[in-house]
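Undergrad: Return a 3D structure for these sequence lines:
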Amino acid sequence: MALKIDKEAVLEFVIKKKDPLFIGLLVLVLVIGGWYLYGPTSESVDQIIVDVLKNPQSGAGGVKEEPLLSADIVTDLTSKPSLAVYTLEKNPFGSPEDQLRMRQSVEEAYNQGVQLYTAGDFEKAVQQFEKVILMDVTESRIEYPRLPSEYKRLAQQQYAKQNLDKILTQVNADIQTGDTALSQNKPTEAVQAYTVALNELSEIIQSDETGDVIGKDKISMVKDLHQTVLNKSYDLRRKTLLSDLTREMTQAQTQLQGQDYITMLRLLGNLNRIQPEINQIDPNGDLITVSTRDRLTTLIQNLQNKIKENVATLGTQAETQFTDALAAQDHVKAQEAILALTQVPSFSPENSTEIQTKLKDFVLRRAELVITLAEKFADSQQVLMTTNKTDQLDLNTKAAWQQELTNLRMRAGKELSSTLSNQISSVETKLRALRLPPQLTELYQFNSVVLTKTGFVKIDFVQKGSNQQAKPLMLKKGQSDNRTKITLNQVDTDNGFVILSKPGYTDTRVELTIEN
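TA: Predicted structure coming up:
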């Protein structure tokens, strides 16, 4: 039976319902367009139209005899939208709440840096802006009046200008430490000392290349010193390069005969780092011969081929090591396994999607382990503080855990849930609270400490921020003053100093003079 349409009814409907009909038809266009964009719907458009046209109570053929209204079709279409329309992709930078929380953290850290810079505390300002850059590597999370990297450079300039003599004194001390270590056949310690000196000098040069702030003569002197240390480092590296290359090549050649692909991958990375270093330090081939360089190139190629041929085994070994490391709470081994797994797609691109899914899971599980271990460390150190055993605080390990948490934010930030982000912030707060009590010199200015002929130590001091001169203390070793709670812990007449202590403060060394 042919479809019948009551034209007058349709015209009347259009006149009365022209606005709703326009919106309905617009929705129809959008839905149909969405169907073409996002793929099959939960029910096809053709099927929906058929459903609309069918009338179980109608006569033969099941086709409606009543006038067909376009609004009915629109209603049925919009009531059965594509499921794909409602599929939300997870934002790779976290939920809106996570992004807002990170922006607020960045803004707070940035403002603290600005305050330090404005107050003239340039050393702490440099450190603060380094934290901001770690939190916002692209420097685009908020509208910066001045970029953190630029603030850091300016703070470095001013710090260098105010403290150049102090910096150079420390640099020369580091150089001397390196020279001494080298004379004692301790090349590793020498490299570390030279590297510290180079970093200090490089920061001055990078912040004030032309010497407009610290002076052209001074920047020229800094550059000369930098070159001197660089030459020392190159000379030292020349002495160790051949032995390091020989050791790594021997180990790699041995591993080629085995099946430990994680170790094989690590050695491949080591050789890839050494290869360009050879060209830099020994460009003329005086130290590393052409034949050795050729053997190195061949060995690197053989390692790459062996790993590529067994990339599936590498992935399995990485997963096994990760599971074992997690059970043993070894976050270092867990990270090594993750790094190995990240290399699998470079050898086997077809497995990239599957590997990326596993990596996301591994990164989050390791993040949970790092947070747990860092919090456990912070809690154990807090016990030392509450029991006045601050001399046992492990500040080096504290710094290592702080760096681990910073790395988590950088490497896994977009994968971290708001719960994990909050846990990291909580542990970071605990770690920041782990610090030595202030020195007594932050509370008092000691004008003189004199050992009198009677055996007493006369301590002439004034409390900072007060204009009132305090009455001098007269103490013997081991005695405490009831009013100030200052105790004379140690008197060293040979080296000319005393050790003073006070509850809530770090034991402080003060210069001692002896009464004639």
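
Undergrad: quick one, helices of the stretch 51-200 of the chain?
TA: With helices called from DSSP state H, counting those that start in this stretch, the stretch 51-200 of the chain shows them at 70-78, 96-118, 122-135, 148-183, 187-207.

Undergrad: residues of stretch 328-339 that come out buried?
TA: Neighbour counts using 16 or more other Cβ atoms under 10 Å place 330-331, 333-338 of stretch 328-339 among the buried residues. Quick note: C-beta positions are derived from backbone N, CA and C, even for glycine.

Undergrad: Would you mind measuring the gap between the ends of stretch 449-458?
TA: 6 Å (Cα to Cα, to the nearest Å).

Undergrad: Give the rounded mean pLDDT of that stretch.
TA: The predicted model gives stretch 449-458 an average pLDDT of 90.

Undergrad: quick one: contacts of it?
TA: 448, 459-460, 472-477, 488, 491, 493, 498, 510-515 (Cβ atoms under 8 Å, 6 or more residues apart in numbering).

Undergrad: can you give me the strands for the stretch 351-500 of the chain?
TA: 444-451, 457-463, 473-475, 487-492, 497-501 (DSSP state E, counting those that start in this stretch).

Undergrad: Please identify the buried residues of the longest helix seen in the chain?
TA: Counting residues, the longest helix in the chain under DSSP state H turns out to be helix 216-255. Using 16+ other Cβ under 10 Å as the burial criterion, the residues of helix 216-255 that qualify are 218-219, 222, 225-226, 229, 232-233, 236-237, 241, 245, 248-249, 251-252, 255.

Undergrad: Next secondary structure element downstream of it?
TA: Downstream of helix 216-255, the first helix or strand assigned by DSSP states H and E is helix 261-281.

Undergrad: and the gap between the residue lying closest to residue 122 once chain neighbours are set aside and residue 123?
TA: In this structure, residue 122 finds its nearest non-sequential neighbour in residue 159, 3.8 Å apart by Cβ to Cβ, 6 or more residues apart in numbering. Distance, residue 159 to residue 123, using Cβ to Cβ, to the nearest Å: 5 Å.

Undergrad: With neighbour numbers in mind, choose between those two.
TA: residue 159 (22 against 14; other Cβ atoms under 10 Å).

Undergrad: Relative to residue 516, how far out is that one?
TA: 42 Å.

Undergrad: I figured residue 190 hits residue 237, correct?
TA: No: the criterion here is Cβ atoms under 8 Å, and residue 190 misses it with residue 237 at 10.2 Å.

Undergrad: ok, the buried residues of stretch 328-339 vs residue 312, which is closest?
TA: Nearest to residue 312, judged by Cβ to Cβ, of the buried residues of stretch 328-339 is residue 337 at 15.5 Å.

Undergrad: mind checking the SS state of the closest one?
TA: helix (DSSP: H, G, I helix; E, B strand; the rest coil).

Undergrad: give me every residue that touches it.
TA: With Cβ under 8 Å, 6+ apart, residue 337 has these contacts: 262, 318-319, 321-322, 325, 362.

Undergrad: Just the pLDDT at it, thanks.
TA: 95.

Undergrad: Roughly how far does it sit from residue 318?
TA: 5 Å.

Undergrad: sorry, back to before: just the ones of the contacts of residue 337 in helices?
TA: 262, 318-319, 321-322, 325, 362.

Undergrad: With distance to residue 402 and pLDDT as extra columns, can I get the residues you listed in CSV?
TA: As requested, these are exported to CSV (distance: Cβ to Cβ, whole Å; pLDDT from 0 to 100):
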residue, distance to residue 402, pLDDT
262, 28, 95
318, 27, 96
319, 29, 96
321, 26, 96
322, 24, 96
325, 22, 96
362, 22, 93
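
Undergrad: what about burial for the residues you listed, which qualify?
TA: 262, 318, 321-322, 325, 362.

Undergrad: before we move on, back to that, if I look at residue 337 and residue 318, which residues touch both of them?
TA: Residues touching both residue 337 and residue 318 (Cβ under 8 Å, 6+ apart): residue 262.

Undergrad: hang on, the earlier thing: what residues are up against the residue nearest to residue 122?
TA: Residue 159 sits in contact with 122-123, 125-126, where contact means Cβ under 8 Å, 6+ apart.

Undergrad: How about residue 318?
TA: So residue 318 contacts 262, 337-338, 340-341, 344 (Cβ under 8 Å, 6+ apart).

Undergrad: rerun at 7 Å
TA: 262, 337, 340-341 (Cβ atoms under 7 Å, 6 or more residues apart in numbering).

Undergrad: Nearest to residue 142, out of the buried ones among the ones in helices among the contacts of residue 337: which one, please.
TA: With Cβ to Cβ as the yardstick, the closest approach to residue 142 among those comes from residue 362, at 31.2 Å.

Undergrad: Sketch out the low-pLDDT regions of the stretch 51-200 of the chain for me.
TA: Scanning the stretch 51-200 of the chain for pLDDT under 70 picks out 51-95, 97-98.

Undergrad: close enough to count as contact, residue 502 and residue 440?
TA: Yes: if you go by Cβ atoms under 7 Å, residue 502 and residue 440 touch, sitting 5.8 Å apart.

Undergrad: Compare those two (neighbour count), which wins?
TA: The neighbour count for residue 502 versus residue 440, taken as other Cβ under 10 Å, is higher for residue 440 (22 against 18).

Undergrad: got JSON lines for the contacts of residue 159, with distance to residue 153 too?
TA: Compiled in JSON lines, the contacts of residue 159 are given as follows (distance: Cβ to Cβ, whole Å):
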{"residue": "122", "distance to residue 153": "11"}
{"residue": "123", "distance to residue 153": "14"}
{"residue": "125", "distance to residue 153": "11"}
{"residue": "126", "distance to residue 153": "9"}
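
Undergrad: quick one: which of those residues is nearest residue 179?
TA: Closest approach between the contacts of residue 159 and residue 179, by Cβ to Cβ: residue 123, at 26.8 Å.

Undergrad: Tell me the spacing between that closest one and residue 213.
TA: 16 Å.

Undergrad: Kindly report the same for residue 321.
TA: Here residue 321 is placed at a distance of 50 Å from residue 213 (Cβ to Cβ).

Undergrad: any weak-confidence spans in the stretch 301-450 of the chain?
TA: Looking at the stretch 301-450 of the chain by pLDDT under 70, you get 412-414.

Undergrad: hey, where'd the helices end up in it?
TA: 311-327, 331-342, 344-347, 352-386, 395-412, 418-432.

Undergrad: Among the ones you listed, which comes closest to residue 194?
TA: Using Cβ to Cβ, those put helix 395-412 closest to residue 194, at 20.7 Å.

Undergrad: Contacts for that closest one next, please.
TA: 134-135, 137, 363-364, 367, 370, 374, 377, 381, 424, 427-428, 431, 434.

Undergrad: residues of that helix that come out buried?
TA: So helix 395-412, judged by 16+ other Cβ under 10 Å, has buried residues 398, 401-402, 404-405, 408-409, 412.

Undergrad: do stretch 207-218 as well
TA: Neighbour-count burial for stretch 207-218 [16+ other Cβ under 10 Å]: 207-208, 211, 213-214, 218.

Undergrad: Same question for stretch 298-314.
TA: Going by 16+ other Cβ under 10 Å, stretch 298-314 has these buried residues: 299-300, 303-304, 306-307, 310-311, 314.

Undergrad: Only C-alpha atoms, please: export it in PDB.
TA: Taking C-alpha atoms only, stretch 298-314 is exported to PDB below (Å, rounded to 0.1, in the frame of the first residue of the first chain):
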ATOM      1  CA  THR A 298      80.000  -4.100  14.600                       C
ATOM      2  CA  LEU A 299      79.300  -5.000  18.300                       C
ATOM      3  CA  ILE A 300      76.600  -2.400  18.600                       C
ATOM      4  CA  GLN A 301      74.900  -3.700  15.400                       C
ATOM      5  CA  ASN A 302      75.100  -7.300  16.600                       C
ATOM      6  CA  LEU A 303      73.500  -6.300  19.900                       C
ATOM      7  CA  GLN A 304      70.700  -4.500  18.100                       C
ATOM      8  CA  ASN A 305      70.100  -7.500  15.800                       C
ATOM      9  CA  LYS A 306      70.100 -10.000  18.700                       C
ATOM     10  CA  ILE A 307      67.600  -8.000  20.700                       C
ATOM     11  CA  LYS A 308      65.400  -7.400  17.700                       C
ATOM     12  CA  GLU A 309      65.300 -11.100  16.900                       C
ATOM     13  CA  ASN A 310      64.300 -11.800  20.600                       C
ATOM     14  CA  VAL A 311      62.200  -8.800  21.400                       C
ATOM     15  CA  ALA A 312      59.300 -10.900  22.600                       C
ATOM     16  CA  THR A 313      61.600 -12.500  25.100                       C
ATOM     17  CA  LEU A 314      62.900  -9.100  26.200                       C
END
